[in-house]
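*Asks:* make a model of this:
(2 chains)
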There are 2 protein chains.
Amino acid sequence: MPQAAEGCARAGIGWIGVWRDRLAEVGTTSGARAIRDAGLRVSGLCRGGWFGAADAVTRRANMDDNRLAVDQAAELGALVLVLVCGPAPNRNLVAARDYVADCVVELCEYGAERGVKIGIEPLHPMYCGDRSVVVTLDQALAMTQGLAPARAGVVVDTYHVWWDPSVVEKIRACGPKIAGFHLADWLVPTPDMLNGRGMLGDGVVDMRSLREAVDGAGYDGPIEVELFNPDIWAIPGDDCLRLIKERYSAHVLSGAQP
Amino acid sequence: MPQAAEGCARAGIGWIGVWRDRLAEVGTTSGARAIRDAGLRVSGLCRGGWFGAADAVTRRANMDDNRLAVDQAAELGALVLVLVCGPAPNRNLVAARDYVADCVVELCEYGAERGVKIGIEPLHPMYCGDRSVVVTLDQALAMTQGLAPARAGVVVDTYHVWWDPSVVEKIRACGPKIAGFHLADWLVPTPDMLNGRGMLGDGVVDMRSLREAVDGAGYDGPIEVELFNPDIWAIPGDDCLRLIKERYSAHVLSGAQP
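*Replies:* Got it, this is the predicted structure:
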């Protein structure tokens, strides 16, 4: 993670999105220091969530881990703690979704104490069975109802939402609740359901129209490029960041936007 | 296909869903005869659709093939010709979806001449890049607006729609427009994006609640079990049909329903 932070700084990128497994390798305090020393700020911390479980002991442990994630986000000064909401412990999706909604409210109370905003990221519906019962933007937005935009919001990821026939309307409806914006392209064919995400421009997603929708909804925070793909991970870091910046300019920038 | 028809008859199943590639192996006329001779009726013919293309010549050829599919459905006496609507020829999903909607209207006119109902099957959003720009029930239903239920409808497939947070409401909204009901389970993990469909009960889908939603919407036509999976295809036919019937009783039947 310190290497990634230094690479971003060399590439003129002012923000970094942090994953907790990588943060754990160096520890929160020294990770936070490495990022500060590189002159960066933390756009988001991934991931909290994964609340559900078949038994009460595990559910309680899951909530404890989410409080820890809030603490880590506070120490990093992350703009948002991103939630991936986990699968249902049985075939009852309705109950699993209700449980997530309750947990979001509970976690937001703790986030408010620590000054950490909670962001619910709907995942692509192909993850509904094993990673997230939250699969659409309107569903995520509904879970933040009654919570202030400074406390809770929705994270828009192009990879997860591009297929939605009403994605533009749903992004608009999120408005001030947009708490983050992630980019990845959808490759055809998809090489892997988890780690098959595409470099910007290599796939079929109209990234610019989604960027314009998010802009139009009023979001002006950092934009994260999030590419789970071993072929991309194998590219030397500085080369990879250069490629990402080129592709971002070609496929995401619109008009005079930064 | 004649073997499958005879197997269904032996198993006491009165209907069969036909795929055009299998029909082509024996020819439409002799295929239709084999099914009639076995005492079966054809629930649906798969598949028409796949309208879009980058060039006008291919688009015209695609529509010609759809007319041929209507003719085949008429000869088989199929209750519905199922459309899989194909991917976008470029990154413009909005244009691709508009084109599909226009083609559905055009094909329905021909279907009306031949007495064949057209059924739009929304596919799972993970196929949006390569198989179907139609990915939700409400989107499919909107494409049938202004077309009589006897002429055009929506095919509900549990595998494609189970993840949708408002699937029950969307099924209810389809009402008399439900033109078919397909069953497959979602396996965790999914072994293959195309041919990884699960035997009823082996996955995470609450099949019974979806059956009840379709019943509640007023659908009383045949129910197709549609399992793309080489492990299932490897089971000897009679054994496979016996297993399907057992699983159907255990996971789909509800109360006194047949």
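
*Asks:* so A:Glu25, which state does it fall into?
*Replies:* Secondary structure assignment for A:Glu25 (DSSP: H, G, I helix; E, B strand; the rest coil): helix.

*Asks:* what residues does the stretch 151-258 of chain A put near chain B?
*Replies:* Contacts of the stretch 151-258 of chain A with chain B, taken as CB under 8 Å from any CB of the partner chain, map to A:162-165, A:186-190, A:193, A:203-206. (Glycine included, C-beta is placed from N, CA and C.)

*Asks:* which among those residues end up buried?
*Replies:* A:162-165, A:186-187, A:190, A:193, A:203-206 (16 or more other CB atoms under 10 Å in any protein chain shown).

*Asks:* in strands, which of those fall?
*Replies:* Using DSSP state E, the subset of those located in strands is A:Trp186.

*Asks:* which residues does A:Pro189 contact?
*Replies:* B:Asp130 (CB atoms under 8 Å, 6 or more residues apart in numbering or on different chains).

*Asks:* ok, it to B:Asp192 distance?
*Replies:* 11 Å (CB to CB, to the nearest Å).

*Asks:* and for A:Leu210?
*Replies:* 28 Å.

*Asks:* kindly report the same for A:Arg208.
*Replies:* From A:Arg208 to B:Asp192 the distance is 32 Å (CB to CB).

*Asks:* swap in A:Asn92?
*Replies:* For A:Asn92, the distance to B:Asp192 - CB to CB - is 26 Å.

*Asks:* mind listing what A:Met126 touches?
*Replies:* A:193, B:124-126, B:163, B:190, B:193.

*Asks:* repeat for A:Ala95
*Replies:* A:Ala88.

*Asks:* any idea what A:Glu224 is bridged to?
*Replies:* A:His182 (DSSP bridges).

*Asks:* on that earlier part again, who has more neighbours, A:Leu210 and B:Asp192?
*Replies:* A:Leu210 (21 against 12; other CB atoms under 10 Å in any protein chain shown).

*Asks:* wasn't that one part of a helix?
*Replies:* Yes. Under three-state DSSP, A:Leu210 falls within a helix.

*Asks:* mind checking how far it is from A:Gly175?
*Replies:* Per CB to CB, A:Leu210 is found 15 Å from A:Gly175.

*Asks:* then A:Asp102?
*Replies:* Counting by CB to CB, the gap from A:Asp102 to A:Gly175 is 24 Å.

*Asks:* which one of those two is surrounded by more residues?
*Replies:* A:Gly175 (15 against 12).

*Asks:* work out for me the element A:Lys170 sits within.
*Replies:* Using DSSP states H and E, A:Lys170 maps to helix A:167-174.

*Asks:* ok, the residue nearest to A:Leu23 when sequence neighbours are not counted - contacts?
*Replies:* Distances taken as CB to CB, 6 or more residues apart in numbering or on different chains put A:Gly31 closest to A:Leu23, at 4.8 Å, once the chain neighbours are dropped. Neighbouring residues of A:Gly31 by CB under 8 Å, 6+ apart: A:1-2, A:18, A:23, A:76.

*Asks:* same thing with A:Leu147?
*Replies:* A:104-105, A:108.

*Asks:* report the separation between it and B:Ile232.
*Replies:* The gap separating A:Leu147 from B:Ile232 is 45 Å, by CB to CB.

*Asks:* assign A:Ile13 to helix, strand or coil.
*Replies:* What three-state DSSP gives for A:Ile13 is coil.

*Asks:* what's near enough to touch it?
*Replies:* A:40, A:241, A:245.

*Asks:* TSV for those residues, including pLDDT, secondary structure and neighbour count?
*Replies:* Rendered in TSV, the data for the contacts of A:Ile13 read as follows (pLDDT from 0 to 100; DSSP: H, G, I helix; E, B strand; the rest coil; neighbours: other CB atoms under 10 Å in any protein chain shown):
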residue	pLDDT	secondary structure	neighbour count
A:Leu40	98	coil	19
A:Leu241	98	helix	19
A:Lys245	97	helix	15
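
*Asks:* between the residues you listed, which sits nearest chain B?
*Replies:* A:Lys245 (20.9 Å; CB to the nearest CB).

*Asks:* for that closest one, which non-adjacent residue is closest in space?
*Replies:* Spatial nearest neighbour of A:Lys245, excluding adjacent residues (CB to CB, 6+ apart): A:Ala11 at 6.6 Å.

*Asks:* next: A:Ala250.
*Replies:* Spatial nearest neighbour of A:Ala250, chain neighbours left out: A:Gly201 (6.0 Å); criterion: CB to CB, 6+ apart.

*Asks:* need the per-residue pLDDT for the one you found.
*Replies:* At A:Gly201, the model reports a pLDDT of 98.

*Asks:* how about it, secondary structure?
*Replies:* coil.

*Asks:* try A:Val18
*Replies:* Going by three-state DSSP: A:Val18 is strand.

*Asks:* and it, how many residues sit next to it?
*Replies:* 25.

*Asks:* ok so, going back, so which of the buried ones among the residues of the stretch 151-258 of chain A next to chain B would you say is closest to A:Ala61?
*Replies:* Using CB to CB, A:Met193 comes nearest to A:Ala61 of these, at 27.1 Å.

*Asks:* and that closest one, what is it in contact with?
*Replies:* With CB under 8 Å, 6+ apart, A:Met193 has these contacts: A:126-127, B:126, B:189-190, B:193.
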